[in-house]
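Novice: Provide a 3D model corresponding to the input given below.
(chains A, B, C and D)
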4 protein chains.
Amino acid sequence: MLNVGVIGYGYWGPNLVRNLSECEDTSVGVISDLRPERLALAKRRHPGATVTPDPRALLADPSLDAIVIATPVTSHFELVRLALESGKHVLVEKPLTQSVDQAKTLIDLALRTSRVLMVDHTFIYTGAVRKVKDILDSGDLGRVYYFDSVRVNLGLLQSDINVLWDLAPHDLSIMDYWLEKRPATVSAFGSSHVNGLEDIAYLTFLYQDNTIAHLHVNWLAPAKIRRIILGGSRKMAIYDDMEASEKVKVYDKGVVMSRAADPYQMLVQYRAGDMYAPQISTDEALRVECAHFVDCVTHGKRPVTDGEAGLRVVELLDAAGRSLRMGGVPQPL
Amino acid sequence: MLNVGVIGYGYWGPNLVRNLSECEDTSVGVISDLRPERLALAKRRHPGATVTPDPRALLADPSLDAIVIATPVTSHFELVRLALESGKHVLVEKPLTQSVDQAKTLIDLALRTSRVLMVDHTFIYTGAVRKVKDILDSGDLGRVYYFDSVRVNLGLLQSDINVLWDLAPHDLSIMDYWLEKRPATVSAFGSSHVNGLEDIAYLTFLYQDNTIAHLHVNWLAPAKIRRIILGGSRKMAIYDDMEASEKVKVYDKGVVMSRAADPYQMLVQYRAGDMYAPQISTDEALRVECAHFVDCVTHGKRPVTDGEAGLRVVELLDAAGRSLRMGGVPQPL
Amino acid sequence: MLNVGVIGYGYWGPNLVRNLSECEDTSVGVISDLRPERLALAKRRHPGATVTPDPRALLADPSLDAIVIATPVTSHFELVRLALESGKHVLVEKPLTQSVDQAKTLIDLALRTSRVLMVDHTFIYTGAVRKVKDILDSGDLGRVYYFDSVRVNLGLLQSDINVLWDLAPHDLSIMDYWLEKRPATVSAFGSSHVNGLEDIAYLTFLYQDNTIAHLHVNWLAPAKIRRIILGGSRKMAIYDDMEASEKVKVYDKGVVMSRAADPYQMLVQYRAGDMYAPQISTDEALRVECAHFVDCVTHGKRPVTDGEAGLRVVELLDAAGRSLRMGGVPQPL
Amino acid sequence: MLNVGVIGYGYWGPNLVRNLSECEDTSVGVISDLRPERLALAKRRHPGATVTPDPRALLADPSLDAIVIATPVTSHFELVRLALESGKHVLVEKPLTQSVDQAKTLIDLALRTSRVLMVDHTFIYTGAVRKVKDILDSGDLGRVYYFDSVRVNLGLLQSDINVLWDLAPHDLSIMDYWLEKRPATVSAFGSSHVNGLEDIAYLTFLYQDNTIAHLHVNWLAPAKIRRIILGGSRKMAIYDDMEASEKVKVYDKGVVMSRAADPYQMLVQYRAGDMYAPQISTDEALRVECAHFVDCVTHGKRPVTDGEAGLRVVELLDAAGRSLRMGGVPQPL
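Specialist: Predicted coordinates:
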């Protein structure tokens, strides 16, 4: 039986508690939040759990094997560090930390303490993202020409981080998981219209091999769009998270150059065949992720979204943030 | 009765001939194309028109009052120049020219010859674009925070121009028409995967007043997306050209900061009210545009999409092209 | 503090328990289900509740004020009867009973025992259905010409009831709530292709005043469609429950006859104006409904979906079932 | 060279003239319409054609090989009869005639005069309808359980025919083409709210083999829906004509009964696999149809939509109309 403590019972914490509670051989023993009304709600929903306003109580609790951290990013580094030093396994909200150095420190610490350090890159555990990964691995799309992501909504403006650090981790973790390579440079543009923090940002990543990746993240959009297009040399795919079903569509479409009869002329040929939408697992991503965390802790496995994955996302955010502050000047990675 | 000659009977020319023929008091007297099979088709469809492979025959024809030019952009400058010098009024495909200097020369020439010079920025004549313009003018959206455009498709790759010069003129003409102000800088990124010309490009325009505009143009996309989002301080709008009806939606959504009771604290307030989709004229844009051209020629009026409008689009394209070649370095405008 | 017992912890029961637990001053004291594995799950999720395989234990439990019944329809009559006779208030799954007589008996019993009898017509408590009701009450649609409903999906075939009794209660409860009048006749057609029970059915209701209502319910459809169209003499509305937002759209469209200059001629005039999508409450319907039940019990109010509403739906189902068995012969109501 | 005369230059006639003009070795020699302004328009667009207000002039014109009739249905029988008797081949708008007897008379007459009699069931010539036919013929869907069609819009009310005779011919011709079998009975319900003719109708067709077909046709709907669902024993398909691309989707979904270990129990098994959208020809249907007519006339072939196909649709309309007038009483076919 794995006993877990959860720090942070705000927007995302309740989902983590609920899903951890449903995992096999797992219980949520302690829940912590600074706000009394959140603790009262947690207690009403989970009468069997202890609640406390003091996160350090969890770290000192020898009955807890693992700590799940769902607090604002500003507190991640300190809480993860303390948890690992207390000998706890850790699952922490995205992004892992606010800086590259912090992320590296935590990875080292997890290594030294032989604890699991996992980052909650939830989308990696969705049926859709995993299905696209399978399709990419099968070679069905050919070489990837571009990755184009749009994640916009009338979002909850954060008072401590801008839209880049709030929304882009989702897409950057997917990009990193799918493409499995590091971009060479990033340029970022944005503007802020409400509370002084960027509420709109555009990121462009260029790769050595000519792949281009682009992200649009936006808190001020009137409709919710969550769509990634992948253009490949053989086929193309669209992952539209707002589709009720058919979230992934693979198009047998493409353009190829071929040598014409006249050796000095190249012919452009268009190919347009069938589209198919693969059947996708409808398991709740957070359920899959929590089970994966429990499995990694129990059997000493390495998480798919481990500290290194968290670090890679922080590196991309960090460089993009620098470019953003410099008015879009490309930053090396 | 206005007698018009049309040069170029390829992809767009037939639409121009058909719509001009339906205009009041207008006839298409001569059609020109270099390819015999296109001339044969033109003759079959329009037995009353003369056809000729020589565009200069039209310029010399005293019975023609105006020339409509639907040829590749590389020939625009020369053909428009000759037509104006021959005393003809001119309607020319977008973009007006390949360079800023050429555009300025043509504007001067039209001024000196007192001829109408109009650029075929077709979208400006759609019911949807005009309706959004009305809404902007009414102040309903408040101050515009951003203009975000996506125009992607499995497009016909051009062998002489890249995707920037092929697709972006549509969105740049709309942006210019709606916002009525010049951006301060542009940055452009792109990549080319098929024929050596950029087939994907991302453009970011920054304005002095903090407005940001962004375009995504792409010839290698598996689905057709033509969507512009406008975020305003009061309301927001989406123009989705792929919608069969309800192309324009106006959302009573927004975010505002207000001073809380505690004078040191600002409150973020979200507003989400009704959405409405205004009734939009379904008149064919090209019909409206051709009638406007006839009206301008007949009554000596200034076209909405005159040479100056064409020049402004060429200036934006030119600066964006420079940034593209320099790897995204921002260019002043 | 209201103490509630829930009988049935299958598909819908967990949602009821969860929402009742979140209500103010309400607790779920006892949960019952015949299957041990469901009881174990209930216990894990709600350690504070007592679980029992015997529903009669709840009826005899003096600490319970109300019983919520989420069992197959075949057991509704007996369980509701016993609960009312035990002095408990009752909220029961739709449809209320399998026959008109049963429904009338329960209404009488609730009256005699002065207990609340409420039927779980969940859709009545959605923001969308309530908003349409407001619009209808405002007269904005004018006189309703027709009600056209489609509710299809690859559904879970029930082994005890056909698609009519499984899906149609949703639409019939909405129809009854919106139109507030009884149809004169019903005709029903269907066919069964899998397990001997009708898996497709079409119902047509004719009203004295020329209104027509039609339902299509289908367990064998490849995509999920849940859409109701209302045609009115002034405006028209569409309620599409599969839309993520904009579930209700009101169209300023219509057709009217007017007398032409020539007195012997009538002119048909079409009107097409703006469409608007009203802002809709996103409160979970079941939460609203549970709170309403608690309020009715606590303050002796009459539920919106009381026994009479349940009876009216059973009457429509009963007559439609008769027509279905007779090959579509219209049945009076 | 085939010389064709066209009678009727209203809504549909111009499309026929345009497409016939584009056919190989085909010319439109004469166009007729009773309204002078329509004739003037025809003359402006087609200066090479003769125009006349008198349809009989076409019948007597020995230079015309074929007559295309695009007039109101009330005139079809007389005009087709005269054309065939004049030795002309005939392509006539749907529906073929107003009565079964008329249709039979024309079929006999075409047989006796050895002329081609073809009915303009345009949808049969669309890429989508033909693709679904191929899929059905391949057996991919298995046995067809049901055919469910919705064709609704804010339509142009006809003053001489109701919505049944105006819209249902489209769906009935598709149903007849796809299913290739005759229903046993039809029941029809409708109501009229504007000009005394039914503007809404629901048709249910039952087949001997348990297939059920249903049509909803409606002139008073706020949005345009044109969608047919086919449920099969192996797969299911949706043809949505309002989709810009992906008009046909084939779902690997189904429900099957299988014998469980316990011989007295049947298990319901659900199958949900991939969906695919086959590539579909985007050729204009009317172009394909006109070429087919020219081919049939030139080479003495039998049209896919011959007089017999026209008769079958009229028989279905006729029986449905009878049921409609009798309040839905099922009519044998």
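Novice: what ranges do the helices span in the stretch 51-200 of chain A?
Specialist: With DSSP state H, counting those that start in this stretch applied, the stretch 51-200 of chain A shows helices at A:55-60, A:76-85, A:100-113, A:127-137, A:163-179, listed in chain order.
Novice: nearest to chain C among those would be which one?
Specialist: Distance to chain C, taken as Cβ to the nearest Cβ, is lowest for helix A:127-137 among the helices of the stretch 51-200 of chain A, at 15.8 Å. In this view, the C-beta of every residue, glycine as well, is placed from N, C-alpha and C.
Novice: show me how far that closest one is from its chain's centre.
Specialist: Distance of helix A:127-137 from the chain centroid (Cα atoms, centre = their mean, to the nearest Å) equals 15 Å.
Novice: how about stretch A:196-213?
Specialist: In terms of Cα atoms, centre = their mean, the gap separating the centre of stretch A:196-213 from the centre of its chain is 16 Å.
Novice: model confidence over it, on average?
Specialist: When the per-residue pLDDT values of stretch A:196-213 are averaged, the result is 96.
Novice: quick check: end-to-end length of that stretch?
Specialist: Distance between the boundary residues of stretch A:196-213 (Cα to Cα, to the nearest Å) amounts to 27 Å.
Novice: at contact distance from chain B, anything in that stretch?
Specialist: Yes: for a cut-off given as Cβ under 8 Å from any Cβ of the partner chain, stretch A:196-213 has contacts with chain B, namely A:199-200, A:202, A:204, A:206, A:210-212.
Novice: give me the buried positions along that stretch.
Specialist: By neighbour count, and taking 16 or more other Cβ atoms under 10 Å in any protein chain shown as the criterion, the buried residues in stretch A:196-213 are A:197-207, A:211-213.
Novice: what's near enough to touch residue A:74?
Specialist: Contacts for residue A:74 (Cβ atoms under 8 Å, 6 or more residues apart in numbering or on different chains) come out as A:98, A:160.
Novice: switch to 10 Å and redo it
Specialist: For residue A:74, the contacting residues are A:97-98, A:160-161, by Cβ atoms under 10 Å, 6 or more residues apart in numbering or on different chains.
Novice: in the stretch 151-300 of chain A, where is pLDDT below threshold?
Specialist: Counting by pLDDT under 70, the stretch 151-300 of chain A has low-confidence residues at A:258-267.
Novice: how many neighbouring residues does the closest residue to residue A:207 other than its chain neighbours have?
Specialist: Across the structure, with Cβ to Cβ, 6 or more residues apart in numbering or on different chains as the measure, the residue nearest residue A:207 apart from its sequence neighbours is residue A:183 (5.1 Å). By the criterion of other Cβ atoms under 10 Å in any protein chain shown, residue A:183 has 22 neighbours.
Novice: how close does residue A:183 sit to residue A:316?
Specialist: Spatial separation of residue A:183 from residue A:316 under the definition Cβ to Cβ, to the nearest Å is 8 Å.
Novice: and for those two, which residues touch both?
Specialist: Taking Cβ under 10 Å, 6+ apart as the contact rule, residue A:183 and residue A:316 both touch A:175-176, A:203, A:205, A:213, A:333.
Novice: make CSV out of the residues you listed and add distance to residue C:9.
Specialist: Shown next, in CSV, are these (distance: Cβ to Cβ, whole Å):
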residue, distance to residue C:9
A:175, 42
A:176, 42
A:203, 47
A:205, 49
A:213, 47
A:333, 52
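Novice: in the residues you listed, find the pair that's most separated.
Specialist: The span of the shared contacts of residue A:183 and residue A:316, defined through Cβ to Cβ, is set by A:176 and A:203 at 13.3 Å.
Novice: mutual contacts of the two, please.
Specialist: Shared contacts of residue A:176 and residue A:203, counting by Cβ under 10 Å, 6+ apart, come down to A:183, A:316.
Novice: so what's residue A:247 closest to, chain neighbours aside?
Specialist: Taking Cβ to Cβ, 6+ apart as the measure, residue A:247 lies nearest to residue A:128, with 4.3 Å between them; neighbours along the chain are not counted.
Novice: list the contacts for the one you found?
Specialist: When contacts are counted by Cβ under 10 Å, 6+ apart, residue A:128 touches A:174, A:228, A:239-241, A:243, A:246-248, A:278, A:280-282, A:285.
Novice: how about the stretch 1-150 of chain A: which residue is closest to chain D?
Specialist: When Cβ to the nearest Cβ is the measure, the stretch 1-150 of chain A has its nearest residue to chain D at residue A:131, with 10.4 Å between them.
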